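# based on what follows, work out the 3D shape:
(4 chains)
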Number of protein chains: 2
Amino acid sequence: MPVTIREVAKAAGVSITTVSRALNGYSDVGEKTRRKVALVAQELNYRPSAVARSLVMNQTKTIGLLVSELTRDRVGHFFMFQVMYGMHDRLAELGYDLILVSTTTSRQRLVSYLDFCMERRLDGVIVMGIRLDDPYIQEVVDSPLPSVVIDLPLLSDHCGYVTTDNVHGAKLAVRHLAGRGHRKIGFVNGYSQAAVSRDRKRGYEEGLLQAGLGYDETLIHEADFTLQGGSDGLKHLLQSHPDMTAVFFASDLMAIGGLQYARELSIRVPEELAIVGYDDIELAEFSTPSLTTIRQKRQEMGMRAAEMVVGIMKNRAAPQGILLAPELVVRDTT
Amino acid sequence: MPVTIREVAKAAGVSITTVSRALNGYSDVGEKTRRKVALVAQELNYRPSAVARSLVMNQTKTIGLLVSELTRDRVGHFFMFQVMYGMHDRLAELGYDLILVSTTTSRQRLVSYLDFCMERRLDGVIVMGIRLDDPYIQEVVDSPLPSVVIDLPLLSDHCGYVTTDNVHGAKLAVRHLAGRGHRKIGFVNGYSQAAVSRDRKRGYEEGLLQAGLGYDETLIHEADFTLQGGSDGLKHLLQSHPDMTAVFFASDLMAIGGLQYARELSIRVPEELAIVGYDDIELAEFSTPSLTTIRQKRQEMGMRAAEMVVGIMKNRAAPQGILLAPELVVRDTT
DNA sequence: TTGCAAATCCAAAACGTTTCCGATAGACTG
DNA sequence: CAGTCTATCGGAAACGTTTTGGATTTGCAA
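Numbering: from 1, shown residues only, chains lettered A, B, ... in the order given. Below you'll find the model as predicted:
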């Protein structure tokens, strides 16, 4: 059994109150007793119980990371891991910890996300990788629980979001391709239920129009963010548009899939076909040829989300929608 | 403020004790009052506080996922994400939650891993991606805290481990290459401080000897598990051994890096150079040519780790070392 | 010496559960 | 009818903290 504050108090010859105040740096405790208490606590290897503290202070210093379909998702980690890094780092700085909660967690308990958060008395939630059509997500957003959503523009009294400016990102890609002289630019989009997909599609359209190019529905293929989907998408587009000279993929993974398909058909990149991806995952730089892409600041996304959620908790900052600026990274596929 | 058990008791006209027992399915409560209590709890939207429960029951039902250098690591996620999936899933089934703790967490708090676990009163820990030379890891393993380590053979009274049989895995790779007629087989190893690297190196050696091939130190290059490291490794080996016809990489990522380098030099794979990777990450199947590799059952690793840690906690299972069998997956690079 | 403010300290309540132990009532046994 | 057993319930302690409010001591000026 761990040593309690009571034993420290007894050993130091002071009251429980004094131990608490001494260790927490309050002013109304004498310098001598403070040192004595610190020493005794050290000797006894005392670690204050976070759970007891949580109970009385009515805050757990824990925020939940809500990820849907954690198990099913086989590609999301390229994007999500770094976001998680940023989140965790900043949260640690702010004195908070991260607990994982996914559909599996709640399904196996037969409670909703929200119920789970309530039971564990989480101070806040960050939601990531949730599909637009997840029925439970609205529940947590509607609740008074402070929350921040990644890549989904949900805004309410207690809920903010952070995302990349995907419209602008897609425009950057198209503008870049148009600037290279391409007139017929295809688009392989991600999972249609994702908000980012809608935005990138809109950016693609607007980019085309701004460049004075026509918009053609049939130049768009809806895929699923996977490698295979990218490959299939390019194949499909090339069949209906053999004269297409450039393709914009809504994710690097799909772009790499496209690269592979191009190689199979001995299509030279970028001479015969230019390719732009999205995300700037680690692999983008090292594919051959290296991938031109739109960089998302994933780590910063996580950090901003972390900051916002504790900001909301402390009523310091109102929930808001943060749009991070994407960057065009030009490499060898264009 | 959330509704407490007291309010439920008052509303249902029974005692606190009865509410607790009714909701937790004890037998000594009448069917009628049980229904009444359940109804009232439902109506009031009562969620029992996990933290109060933790305090009194002396268990938090949460286990920590210890990952070192979380932020620095830019390649580990290829391997770790699925392990995490498996862990989280099985833990959820068993009624436990997962909390993230990494060096950043403890460094910013100026406490060690162990202190963190103690303060949060974690029921157990799973350690992953820790380097052999991490000074803090021994501390947690030595502690009475139930723990399971992934890919590092640490065994004690309260600490078990689960890993793939890396010696055997490497042997499978070498045997396969030898069976294809290769006589001069290079090896690009991972980060030398990793236990898996040592095992794979041993497997490489033993495999060569078993195949009747000589063992040559200079055919080994120590890299770092990264794409770039794989590329550089192959380059280095080819410079000193131009007649090498096959290379075994200690990770798929490095193997893909090698593939890229081979393509740059127009070395045909597998005709001029055969390549075998390790891990069977998602990308392995979709690289061109698709990668022959040694599959690790990552999800199962996570699940077994989860099972073991709660097993140790409940004194049901003694800590043990679990060696998961790797599988040779033959694709187009051999 | 007295009075008062400041500096230290402590007892006890509170947080929301679980559980031990005892109480009550009815049912059954003899 | 007395006694025992079972089913059902409640009181109160306990878990390990923080914090409120007051108590005690000290220092210093009047």
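
# how about the helices of the stretch 151-300 of chain A, start to end?
A:166-179, A:195-210, A:227-240, A:252-264, A:282-286, A:298-313 (DSSP state H, counting those that start in this stretch).

# residues touching the residue most central in space within chain A, list them.
For chain A, residue A:83 is the residue whose C-alpha lies nearest the centre (C-alpha atoms, centre = their mean; 4.4 Å). Neighbouring residues of residue A:83 by C-beta atoms under 8 Å, 6 or more residues apart in numbering or on different chains: A:128, A:150, A:298, A:299, A:301, A:302, A:305. Glycine gets a C-beta too; all of them are placed from N, C-alpha and C.

# 6 Å - rerun?
Each residue near residue A:83 by C-beta atoms under 6 Å, 6 or more residues apart in numbering or on different chains is listed here: A:298, A:301, A:302.

# any chance of the helices of the stretch 151-300 of chain A in CSV, plus mean pLDDT?
Shown next, in CSV, are the helices of the stretch 151-300 of chain A (pLDDT from 0 to 100):
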stretch, mean pLDDT
helix A:166-179, 98
helix A:195-210, 96
helix A:227-240, 96
helix A:252-264, 94
helix A:282-286, 87
helix A:298-313, 96
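
# can you tell me which of the ones you listed is most buried?
Mean neighbour count (mean count of other C-beta atoms under 10 Å in any protein chain shown) peaks for helix A:252-264 among these, with a mean of 25.

# that one vs helix B:252-264, what angle?
40 degrees (axes from the mean of the first three to the mean of the last three C-alpha atoms, to 10 degrees).

# can you name the residues in contact with helix A:252-264?
A:75, A:188, A:223, A:227, A:229-231, A:234-235, A:249, A:269, A:273, A:275, A:277, A:279, A:281, A:284, A:287, A:291, A:293, B:288.

# ends of stretch A:119-129, how far apart?
23 Å (C-alpha to C-alpha, to the nearest Å).

# state the mean pLDDT of it.
Averaged across stretch A:119-129, the pLDDT comes to 94.

# before we move on, the earlier item: pLDDT wise, what is the residue nearest to the centre of chain A at?
The model's pLDDT for residue A:83 equals 93.

# what stretches of the stretch 1-150 of chain A score poorly on pLDDT?
Scanning the stretch 1-150 of chain A for pLDDT under 70 picks out the ranges A:69-72, A:105-110, A:130-133.

# any idea how far residue A:32 is from residue A:26?
Applying C-beta to C-beta, to the nearest Å, the value for residue A:32 to residue A:26 is 15 Å.

# looking at those two, which is more packed in?
Each of residue A:32 and residue A:26 has its neighbours counted (other C-beta atoms under 10 Å in any protein chain shown); residue A:26 has more, 12 against 8.

# you'd agree the more buried one is in a strand?
No - counting by DSSP: H, G, I helix; E, B strand; the rest coil, residue A:26 falls outside a strand, being coil.

# can you give me phi and psi for it?
phi -80, psi 160 (degrees, to the nearest 10).

# and the nearest residue to residue A:180 once chain neighbours are set aside, what does it touch?
Spatial nearest neighbour of residue A:180, excluding adjacent residues (C-beta to C-beta, 6 or more residues apart in numbering or on different chains): residue A:334 at 5.9 Å. By C-beta under 6 Å, 6+ apart, the residues touching residue A:334 are A:180, A:270, A:274, A:292.

# switch to 7 Å and redo it
Taking C-beta atoms under 7 Å, 6 or more residues apart in numbering or on different chains, we find residue A:334 in contact with A:176, A:177, A:180, A:270, A:274, A:275, A:276, A:292.

# the residues you listed in strands, which ones?
Using DSSP state E, the subset of the contacts of residue A:334 located in strands is A:274, A:275, A:276, A:292.

# what is the burial count for the third one?
In other words, residue A:276. Count around residue A:276 with other C-beta under 10 Å applied: 30.

# same deal with the first one?
The number of residues packed near residue A:274 is 21, by other C-beta under 10 Å.

# so what's it bridging to?
Beta bridges link residue A:274 to residue A:246, judged by DSSP bridges.

# right, and it touches residue A:333 too?
Yes - between residue A:274 and residue A:333 a contact is recorded at 6.4 Å, counting by C-beta atoms under 7 Å.

# anything in contact with each of these two?
Residues touching both residue A:274 and residue A:333 (C-beta under 7 Å, 6+ apart): there are none.

# ranges for the strands of chain A?
Going by DSSP E, chain A shows strands at A:62-67, A:97-102, A:124-128, A:147-150, A:159-164, A:185-189, A:220-222, A:246-249, A:274-279, A:292-295, A:321-324, A:327-329.

# from those strands, which stretch is densest packed?
Sorting these by mean neighbours (by mean count of other C-beta under 10 Å), the first place falls to strand A:246-249, with a mean of 30.

# for DNA strand C, which of the strands of chain A is the nearest?
The closest of the strands of chain A to DNA strand C is strand A:62-67. By C-beta to the nearest atom of the strand, the value is 15.7 Å.

# got the contact list for the residue of the stretch 151-300 of chain A at minimum distance from DNA strand C?
At 19.7 Å from DNA strand C, residue A:158 is the closest residue in the stretch 151-300 of chain A, using C-beta to the nearest atom of the strand. For residue A:158, the contact set (C-beta under 7 Å, 6+ apart) comprises A:144, A:145, A:146, A:147, A:312, A:319.

# nearest residue to the fifth one other than its sequence neighbours?
For residue A:312, ignoring the flanking residues on the chain, the nearest one in space by C-beta to C-beta, 6+ apart is residue A:146 at 4.0 Å.

# quick one: that neighbour from DNA strand C, how far?
Noted for residue A:146: a distance of 18 Å to DNA strand C, by C-beta to the nearest atom of the strand, to the nearest Å.

# same question, residue A:305
With C-beta to the nearest atom of the strand as the criterion, residue A:305 and DNA strand C are 28 Å apart.

# surely that residue and residue A:149 touch.
No - taking contacts as C-beta under 7 Å, residue A:305 lies outside contact range of residue A:149: 8.3 Å.

# okay, the strands of chain A in a markdown table with distance to residue A:115 next?
Shown next, in a markdown table, are those (distance: least, C-beta to C-beta, whole Å):
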| stretch | distance to residue A:115 |
| --- | --- |
| strand A:62-67 | 12 |
| strand A:97-102 | 11 |
| strand A:124-128 | 13 |
| strand A:147-150 | 15 |
| strand A:159-164 | 18 |
| strand A:185-189 | 35 |
| strand A:220-222 | 34 |
| strand A:246-249 | 39 |
| strand A:274-279 | 34 |
| strand A:292-295 | 38 |
| strand A:321-324 | 27 |
| strand A:327-329 | 40 |
